[in-house]
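> my questions concern the predicted model and sequence given below.
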Amino acid sequence: MKKEQKHETDYIKKYQNEGYTSNFLFTEGTLQDSETKYAYQPNEIFIVAHHRYEGMSDPDDMSILYIIETKDQIKGTHLIGYGPTADLEEAEFFKDIPKANYSKNADINELT
């Protein structure tokens, strides 16, 4: 039986219930905590998990949900578009996060 694909909001709610309540915004080349306004650099970000999502009705509806912990233990999420509509500067930021800062089990599809 094929597993039902979850939507980003399902994962966001799941992780909010686990304490990942901060929202991060990409602005001016940094990932900013929407509440504290602290601007994090790639080496200050740790990826706990990520999930790629592709919309079934619109091939351009592609995104990645990142589950994040920061160097100062702030936990939250960030949603980024990918594919033809991706923000290249934002994608480059995530590419610059050191590989050592990704959890060994970062691919959420392996966990669910």
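Great, that's in hand. From a predicted model like this one, the values you see are computed outputs, not experimental measurements.
> show me what contacts Gly81?
Residues near Gly81 by Cβ atoms under 8 Å, 6 or more residues apart in numbering: 62-63, 87. Every residue, glycine included, has its C-beta placed from N, CA and C.
> and these as a markdown table, adding secondary structure?
Formatted as a markdown table, these follow (DSSP: H, G, I helix; E, B strand; the rest coil):
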| residue | secondary structure |
| --- | --- |
| Met62 | strand |
| Ser63 | strand |
| Asp87 | coil |
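> can you select the buried ones among those residues for me in ChimeraX?
Remark: buried members of those, expressed as a ChimeraX selection using 16 or more other Cβ atoms under 10 Å:
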select :62,63
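> buried residues in stretch 9-22?
Neighbour-count burial for stretch 9-22 [16+ other Cβ under 10 Å]: 11-12, 15, 20, 22.
> in helices, which of those appear?
11-12, 15 (DSSP state H).
> hmm, who's touching the strand or helix carrying Leu25?
Secondary structure from DSSP states H and E places Leu25 in strand 22-27. Contacts to strand 22-27, defined as Cβ under 8 Å, 6+ apart, come from residues 31-35, 39-40, 68, 74-78, 80, 87, 89-90, 93.
> pairing partners for the residue most central in space within the chain in the sheet, please.
Closest to where the C-alpha atoms of the chain average out (Cα atoms, centre = their mean) is Tyr66, at 1.5 Å. On the basis of DSSP bridges, Tyr66 is bridged to His50, His78.
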